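1. The following comprises the amino acid sequence and a computationally predicted model.
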Amino acid sequence: MSYSSFCGVILAAGASSRMGKDKALLPWPPNGSGGTLLSAAIQAFSPFVDLVIVVAGKNVAELTLAIDANAGFAIVNPEPERGQFSSLQCGLREVLNRGRDAAIITLVDKPPVKSSTLKKLRGEFDSAVAGGKWAVVPEFGERHGHPILIGREMMEAFLRAPATANARDIQHLHQAHILYVPVDDPDTTVNLNTPEDYAAQASQPT
């Protein structure tokens, strides 16, 4: 399987209610370089995929500038209130519509992971698929994180599920088809849900 068969998918349609402002547009790195969490996520994925799809919601107008400036492609979840899994399904339908059969997926409220982490996960995916696996998931400190890499079989499993499902439950059902890959990257398991979470990242040494 070649790199060109991969899409990046970034889920960014949430209301960011706990953060109090759109997490996609938070400055990143926190101590400033002019970028945002969304632009950093697109840039992190770009060397490893053919294109990056950003699933937006009612915030699409606010995100368009960052998406366009980083050569991403915006699609809209028309009903983001159905939850994050519905955005995942929207993104995966677009992956298949664009003729790709694998995706690297992350949430916009996570720090972009190291390039070396993505390279390792991408390399593991090829051999994992050859061995009958459907997905590769990073593992740090016995915790599973993002981004996840999935092939067509896992995409179809996600798409067959009701929009009220969640990705974790679907992965659990198909755990035998998932390769968990230990990585030396704590950002794979970090969530930026609140101002306190973001402040904690800002206090990290650069």
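-> On my side now, so go ahead.

2. When you work out contacts or count neighbours from here on, use the C-alpha atoms and nothing else.
-> Will do.

3. Pull up the distance across stretch 148-163, start to finish.
-> 19 Å (CA to CA, to the nearest Å).

4. and for stretch 51-59, what are the contacting residues?
-> 6-14, 42, 45-46, 63, 67, 71-80, 87-88, 90-91 (CA atoms under 8 Å, 6 or more residues apart in numbering).

5. Can you say which helix or strand has residue 138 in it?
-> strand 135-140 (DSSP states H and E).

6. before we move on, the earlier item: among the contacts of stretch 51-59, which lie within helices?
-> 42, 45, 63, 67, 87-88, 90-91 (DSSP state H).

7. Show the residue spans covered by the helices in this protein.
-> Going by DSSP H, the chain shows helices at 37-45, 60-69, 84-97, 115-130, 152-160, 167-173, 195-202.

8. Just say which of those is most tucked in.
-> helix 37-45 (a mean of 23; mean count of other CA atoms under 10 Å).

9. quick one: that one to chain centroid distance?
-> Distance, stretch centre to chain centre, for helix 37-45: 10 Å (CA atoms, centre = their mean, to the nearest Å).

10. Next: stretch 155-165.
-> For stretch 155-165 - counting by CA atoms, centre = their mean - the centre lies 17 Å from the chain centre.

11. Residue 70 and residue 39 touch, don't they?
-> Yes: the pair residue 70 / residue 39 is scored as a contact, 6.5 Å apart, by CA atoms under 8 Å.

12. what residue ranges in the protein score low on pLDDT?
-> 1-4, 205-206 (pLDDT under 70).

13. same thing but 50
-> 1-4 (pLDDT under 50).

14. excluding its backbone neighbours, what's nearest the most centrally placed residue in the chain?
-> Note on the chain: the residue nearest the mean C-alpha position is residue 106, at 1.0 Å, using CA atoms, centre = their mean. The shortest distance from residue 106 to any non-neighbouring residue, by CA to CA, 6 or more residues apart in numbering, is to residue 147 (4.6 Å).
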